[in-house]
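[1] Give me the fold of what follows.
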Amino acid sequence: MLVMHAPPLWIKPLALYGILSSLSPRIVFHRLTPAIKLLNPHYHRNSCRTIAMVAPKVDSSGESLPEHAAGKWYSVPDLRLRDHRFTVPLDYRDPGTSLKISIFAREVVAVGKEDQSLPYLLFLQGGPGFESPRPTEGSGWILKACEEFRVMLMDQRGTGLSTPLTTSSMLQFKSARDLADYLKHFRADSVVNDAEFLRVRLVPGSEPWTVLGQSYGGFCAITYLSFAPQGLKQVLLTGRIPPIGDGCTADTVYGACFEQVVRQNEKHYKRYPQDIEVVREVVNYLAESEGGGVPLSSGGILTPRGLQLLGLSGLGSSPGFQRLHYLFERVWDPAIVPGAPEKISFYCLNAFDN
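    Predicted structure coming up:
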């Protein structure tokens, strides 16, 4: 059962905090299709269990690295910050022998509150694939939270400074199978285990703490409620909530969205009927291109099916219809040389990539 308790102070600020996730996650998977197909998308309840003490990591010089190392306090306007690094198991099912990775978290308090006894709030960022915020000054929700909390900005494993997964770092694996075996340890259940690892080492008496989950971070917070409720005092969600009803699967969620998708498409073409023929021409052009699409500078290929992804940003927000229309206005390169073949413009391809 999902239970959420938010103090009145938070209700209005959180209602206004509607950050939308980016269309393109930082973890680049377009070159990793064989590996992704090998991943099991389902969570396993028994993969998240009570945290055990973990053998310290040994670096290349033979020196043991501590489970937890805290840096010194430093300042940005109106805030005091301190960096924490933790050595955690890649696989919590076998913490004693598992490879170790690093988890980074930044502690944030209001100026003058460094030594005060404050309740802890863990922030879980959206994405997946995005690092936690990097405060440059006291502002927004972080400044508000620091009025009563000690805020922990944790880079979820694979992001930021937490053993980041990047296009180049993942090329170290020799096969798709090896990469898939590694990536399966970067799901929400492992993020919850990392959070519990931090809680029992940071919070005095290992008391429960508050978790604020934004977008995908909210998905992780729901997983936290399911797998480790003993570590939670309260859970605050903003920006989305996963399906939690009985029998609610990804298929039923997408099925419920289909009618809305159709309505949004109809609204766009009613507003910009001239786009109907443009989109039809682009789809035919892509389908008839060698390889079934046009190469992108990122290394991927723009296909007719990929073109549909523009609906995620173009049909889901109030100015999206206009942005989509303006993109199709410039979809073709001008014929500045007589007889030059028709081509999709770099402007359009670059906008799609971004």
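[2] wait, what's in contact with the nearest residue to residue 79 once chain neighbours are set aside?
    Leaving aside its sequence neighbours, residue 79 sits nearest to residue 138 (C-beta to C-beta, 6 or more residues apart in numbering; 4.5 Å). All C-beta atoms are positioned from the backbone trio N, CA, C, and that covers glycine. If you count contacts by C-beta atoms under 8 Å, 6 or more residues apart in numbering, residue 138 has them with 76, 77, 78, 79, 110, 111, 146.
[3] Am I right that residue 138 sits in a helix?
    No. Under DSSP: H, G, I helix; E, B strand; the rest coil, residue 138 sits outside any helix and is assigned coil.
[4] And it, how far from residue 113?
    Separation of residue 138 from residue 113 (C-beta to C-beta, to the nearest Å): 12 Å.
[5] Need the max-distance pair from the contacts of residue 138.
    Across these, the longest distance by C-beta to C-beta is 12.5 Å; it joins 77 and 146.
[6] quick one: which of those two has more around it?
    Neighbour count, other C-beta atoms under 10 Å: between residue 77 and residue 146, residue 146 has more, with 22 against 11.
[7] for that one, what are its contacts?
    Contacts of residue 146 (C-beta under 8 Å, 6+ apart): 79, 108, 109, 110, 113, 138.
[8] What is the nearest of those residues to residue 228?
    Checking the contacts of residue 146 one by one against residue 228 (C-beta to C-beta), the nearest turns out to be residue 108, at 23.2 Å.
[9] Pretty sure the closest one sits in a strand.
    Yes. Per three-state DSSP, residue 108 lies within a strand segment.
[10] can I assume it is in contact with residue 135?
    Yes. Counting by C-beta atoms under 8 Å, residue 135 is a contact partner of residue 108 at 6.1 Å.
[11] Skipping adjacent residues, who's closest to residue 212 in space?
    By the measure of C-beta to C-beta, 6+ apart, the closest residue to residue 212 outside its immediate chain neighbours is residue 236, 4.5 Å from it.
[12] circling back to that earlier point, TSV for the contacts of residue 138, including secondary structure, distance to residue 208 and pLDDT?
    Shown next, in TSV, are the contacts of residue 138 (DSSP: H, G, I helix; E, B strand; the rest coil; distance: C-beta to C-beta, whole Å; pLDDT from 0 to 100):
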residue	secondary structure	distance to residue 208	pLDDT
76	strand	29	97
77	coil	32	97
78	coil	28	97
79	strand	25	98
110	strand	22	97
111	coil	27	97
146	coil	20	97
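[13] By neighbour count, sort out the buried ones in these.
    79, 110, 146 (16 or more other C-beta atoms under 10 Å).
[14] Would you mind putting those residues into a markdown table with distance to residue 128 alongside?
    Output for these, formatted as a markdown table (distance: C-beta to C-beta, whole Å):
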| residue | distance to residue 128 |
| --- | --- |
| 79 | 26 |
| 110 | 30 |
| 146 | 26 |
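[15] ok, so of the residues you listed, who is nearest residue 95?
    Closest to residue 95, out of all of the buried ones among the contacts of residue 138 and judged by C-beta to C-beta, is residue 146, at 33.0 Å.
[16] which phi and psi does residue 74 have?
    Recorded main-chain torsions at residue 74 are phi -140, psi 170, according to degrees, to the nearest 10.
[17] Equivalent analysis for residue 87, please.
    The phi/psi pair for residue 87 (degrees, to the nearest 10) is phi -100, psi 120.
[18] Does it touch residue 95 like I think?
    No. Using C-beta under 8 Å, residue 87 makes no contact with residue 95, being 11.0 Å away.
[19] if we take the contacts of residue 146, which one ends up nearest to residue 206?
    residue 109 (20.0 Å).
[20] Do you know the pLDDT at the closest one?
    The model reports residue 109 with a pLDDT of 98.
[21] Now render the contacts of residue 138 as TSV, adding distance to residue 210.
    What follows is the contacts of residue 138, written out as TSV (distance: C-beta to C-beta, whole Å):
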residue	distance to residue 210
76	23
77	25
78	21
79	18
110	16
111	21
146	13
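[22] And stretch 97-111, how far out from the chain middle?
    Its chain's C-alpha centre and that of stretch 97-111 lie 17 Å apart, by C-alpha atoms, centre = their mean, to the nearest Å.
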